[in-house]
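S.K.: Predicted structure and sequence below. I'll ask about it afterward.
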Amino acid sequence: MRNFVSQSANNLRPSGIRRFFDIAATMEDVVTLGIGEPDFVTPQHIINAARQTLQDGRTGYTANAGEIALRVAITDYMERLYGLRYDARSQVLVTVGVSEALFLAMRAILDAGDEVLVVEPCFVANAAVVEMAGGVPVSVPTRPENEFQVTGADLEARITPRTKAILMSYPSNPTGAVLSPEHMQQVADVAEKYDLVVISDEIYERLVYGVKHTCFATLPNMQERTIVLSGMSKSFAMTGWRIGYAIASVAILDAMKKFHQYLIMSAPTIGQFASIQALNHAEPDVERMRQSYDSRRRLIVKGFNDLGLDCFEPRGAFYAFPSIAITGMTDDAFCDALLQEDRVALVPGSAFGESGKGFVRASYASSEENIHRALERLARFMQRHGFLRHAFTA
């Protein structure tokens, strides 16, 4: 019998994150700083709203684009936070997480062979989604000396006649970088000069520390050429509810809806009604969680730097991205050895693109107790291998 697996499926590499999670799941007493998921339970009033939805018998499909009350809540949220006005009926699409929204955006705008500038290091799915949509991802590396912020020159150097779009995620997974307004304007200038679409994944928009997040669509002339992606998972501790959304021009949204209708029908109904409650009433919860992440952020960054693992100060999301250059090891070898010897799970930076090589990602969406334990074990590992020659206290 012939091999029925397509070449495109064979060409997709497995997620570099999943491999380490799968290994860690077979081991005991592992301290995991690898999972990009809040350790908070969804706030109780949101759960109560979902329970009420079930009791009211709202268990069927919603409109393809999402429950209209949720789309209104999203547009109100965008106006309240950023002063942006969108039409809830024609410019908002509720999706199964941001992952679906990203895939739909690519299918809506790309023809075979179109190129997308993918800012790295980035979420593991970004380049893969471009390929799945028939496009060609073109990596645009960023560097710690520039605080992992992409520049206009970085983008312009990689533009060809096939370039169709820029895909970027700020605040960043995995680096924690936040793009400054000045750098955002550079991206906007390139997009306008070369007539490009910008896909701006802003799922970590509310988790920033000491800086202000700027929604890319607020820049002059950018609202019409920007697809804003966000959702409930990170800021509201609602990962399992699987509710994301896309906001864009009517033409792009109409194209995205076509694929969404055939693939999904509609996002989970219970999650949609829970999201209405979250967007309208969960501001105190968001701030409480943000402050807790900020405390953990300072703890883990200090710990890495005290260990000699130079760590750029993350200003957003809940990740630290220290360099392991002093060890002389590859990031894969470092993470493998640390997991096997001292039961600490980190993610190799190379899982997030070539420009992530030589770094590791650590999530501080974990308790301070777990962060202390991980740092103590990491110190023990480094002392054993001769990378650390001074006493360390987490």
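M.R.: Thanks, I have it.
S.K.: Please, where are all the strands along the stretch 251-394 of the chain?
M.R.: Assigned strands in the stretch 251-394 of the chain, in chain order: 319-320, 344-345, 347-348, 360-363 (criterion: DSSP state E, counting those that start in this stretch).
S.K.: List the buried residues for stretch 236-247?
M.R.: For stretch 236-247, the neighbour count (16 or more other CB atoms under 10 Å) marks Phe236, Ala237, Met238, Thr239, Trp241, Arg242, Ile243, Gly244, Tyr245, Ala246, Ile247 as buried. The C-beta positions use only the backbone N, C-alpha and C, and glycine is treated the same way.
S.K.: mind saving the C-alpha coords of that stretch as PDB?
M.R.: Extracted C-alpha coordinates of stretch 236-247, given in PDB (Å, rounded to 0.1, in the frame of the first residue of the first chain):
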ATOM      1  CA  PHE A 236      -7.900  36.300  31.900                       C
ATOM      2  CA  ALA A 237      -6.500  32.800  32.900                       C
ATOM      3  CA  MET A 238      -8.900  31.100  30.400                       C
ATOM      4  CA  THR A 239      -6.600  28.900  28.400                       C
ATOM      5  CA  GLY A 240      -9.000  25.900  28.400                       C
ATOM      6  CA  TRP A 241     -12.000  27.900  27.300                       C
ATOM      7  CA  ARG A 242     -10.500  28.300  23.900                       C
ATOM      8  CA  ILE A 243     -11.800  31.700  22.900                       C
ATOM      9  CA  GLY A 244      -9.700  34.000  20.700                       C
ATOM     10  CA  TYR A 245     -10.700  36.700  18.300                       C
ATOM     11  CA  ALA A 246      -9.600  38.500  15.200                       C
ATOM     12  CA  ILE A 247     -10.300  42.200  14.300                       C
END
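S.K.: does Ile46 count as helix, strand or coil?
M.R.: Under DSSP: H, G, I helix; E, B strand; the rest coil, Ile46 falls in the helix class.
S.K.: give me the number of residues near it?
M.R.: Close neighbours of Ile46, defined as other CB atoms under 10 Å, add up to 26.
S.K.: Could you tell me which ranges of this structure sit under the pLDDT cut-off?
M.R.: Applying pLDDT under 70 to the chain flags the ranges 16, 20.
S.K.: what residue is smack in the middle of it?
M.R.: For the chain, the residue nearest the mean C-alpha position is Asn173 (4.7 Å; CA atoms, centre = their mean).
S.K.: Surely Gln149 forms part of a helix?
M.R.: No: read with three-state DSSP, Gln149 is coil and lies in no helix.
S.K.: what's near enough to touch it?
M.R.: Residues in contact with Gln149 (CB atoms under 8 Å, 6 or more residues apart in numbering) are Thr142, Ala177, Leu179, Ser180, His183.
S.K.: Could you single out the nearest of those to Tyr293?
M.R.: Distance to Tyr293, by CB to CB, is smallest for Ala177 among these, at 15.4 Å.
S.K.: So that closest one sits against Phe148, correct?
M.R.: Yes: Ala177 lies in contact with Phe148 (CB atoms under 8 Å); the separation is 3.7 Å.
S.K.: Which elements pack onto the helix or strand containing Ala127?
M.R.: Using DSSP states H and E, Ala127 sits in helix 125-132. Secondary-structure packing of helix 125-132 (3 or more CB pairs under 8 Å, 6 or more residues apart in numbering; DSSP states H and E): helix 7-11, helix 97-109, strand 115-120, strand 136-141, strand 163-169.
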